[in-house]
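In: What follows is a predicted protein model with its sequence.
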Amino acid sequence: GAVVSQHPSRVICKSGTSVKIECRSLDFQATTMFWYRQFPKQSLMLMATSNEGSKATYEQGVEKDKFLINHASLTLSTLTVTSAHPEDSSFYICSARLAPDEGTGELFFGEGSRLTVL
Amino acid sequence: GDSVTQMEGPVTLSEEAFLTINCTYTATGYPSLFWYVQYPGEGLQLLLKATKADDKGSNKGFEATYRKETTSFHLEKGSVQVSDSAVYFCALYSSASKIIFGSGTRLSIRP
């Protein structure tokens, strides 16, 4: 099956620093990847759609300068949390769709990255 | 806009009990429907899916039937196990090519 891998799985950083999270599709090409944020005991909030070779599309209320997304290749998308603050602490999950999409919309998810900002 | 509503948790059951987690949706057309499961500390995994009306998705003893007339996709399992303890998300593939998730239902199974 399609495998999506995220790295790192856990990261702790000091307030004011930047953190990069990588999302890779290991055995398929993904023209589109999605970044979600999950708060404790809450559902997934779509942050942005990452498109290979073009700018990401951000959801309303998500700061694009705060959460930088780069989709440099068909197998890699990165999320950089810039100048992180404690309120950015969360579980970030990426997902990818097969290219070409079979039409069902099924997503394959990474394992998630837990960010803790001190 | 498209949306998914699922029953709020947490749901606590004894091992071997029957499970139902309700899910209804609002959407234009006939979207694909999914159930995803999230085990503690992990990302989401697809549990089952259905792509058209009356389809039944099934996996690991779980089932859900795409009901167009009631716009529902309820998740069922006849006999739950402790290992089924997780958070379950109902979702649909929207007309905007996005996955819309329900709020999630936490399931805990007592031995």
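Out: Good, I have the coordinates. Numbering: from 1, shown residues only, chains lettered A, B, ... in the order given.
In: From here on, just use CA atoms for contacts and neighbour counts.
Out: Will do.
In: What lies in contact with the least confident helix or strand in chain B by mean pLDDT?
Out: Ranking every helix and strand in chain B by mean pLDDT, DSSP states H and E puts strand B:99-101 at the bottom, with a mean of 87. With contact meaning Cα atoms under 8 Å, 6 or more residues apart in numbering or on different chains, strand B:99-101 is reached by A:43-44, A:105, A:107, B:2-4, B:89-94.
In: Packing partners of whichever helix or strand comes after that strand?
Out: Where DSSP states H and E defines the elements, the next helix or strand beyond strand B:99-101 is strand B:105-110. Judged by 3 or more Cα pairs under 8 Å, 6 or more residues apart in numbering or on different chains; DSSP states H and E, strand B:105-110 is in contact with strand B:11-14, strand B:86-93.
In: most neighbours per residue, which of the ones you listed?
Out: Comparing the helices and strands packed on strand B:105-110 by mean neighbour count (mean count of other Cα atoms under 10 Å in any protein chain shown), strand B:86-93 ranks first with a mean of 26.
In: That strand pairs with which strands?
Out: With DSSP bridges as the test, strand B:86-93 is paired with strand B:33-38 (antiparallel), strand B:99-101 (antiparallel), strand B:105-110 (antiparallel).
In: where's A:V11 relative to chain B, distance?
Out: Counting by Cα to the nearest Cα, to the nearest Å, the separation of A:V11 from chain B is 14 Å.
In: That residue: neighbouring residues, count only.
Out: A:V11: 15 surrounding residues under other Cα atoms under 10 Å in any protein chain shown.
In: Now chain A against chain B: closest residue?
Out: The nearest approach of chain A to chain B comes at A:E111, 4.1 Å away (Cα to the nearest Cα).
In: need the contact list for that residue.
Out: Listed by Cα under 8 Å, 6+ apart, the contact partners of A:E111 are A:4-6, A:9, A:93, B:42-44.
In: Among those, name the ones in strands.
Out: Mapping the contacts of A:E111 onto strands (DSSP state E) picks out A:4-6, A:93, B:44.
In: circling back to that earlier point, just send the helices and strands packed on strand B:105-110 back as TSV, with distance to B:C23 and mean pLDDT too.
Out: As requested, those are exported to TSV (distance: least, Cα to Cα, whole Å; pLDDT from 0 to 100):
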stretch	distance to B:C23	mean pLDDT
strand B:11-14	14	96
strand B:86-93	6	93
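In: I'd like to know how many residues surround the residue in chain B that chain A sits nearest to.
Out: Nearest residue of chain B to chain A: B:G43, at 4.1 Å (Cα to the nearest Cα). Residues lying near B:G43 (other Cα under 10 Å) number 21.
In: for the one 5 residues further on, same thing?
Out: By other Cα under 10 Å, the residues close to B:L48 number 20.
In: who's it bridged to?
Out: Beta-bridge partners, per DSSP bridges, of B:L48: B:W35.
In: I'd assumed B:W35 was in contact with it.
Out: Yes - taking contacts as Cα atoms under 8 Å, B:L48 lies within contact range of B:W35: 5.4 Å.
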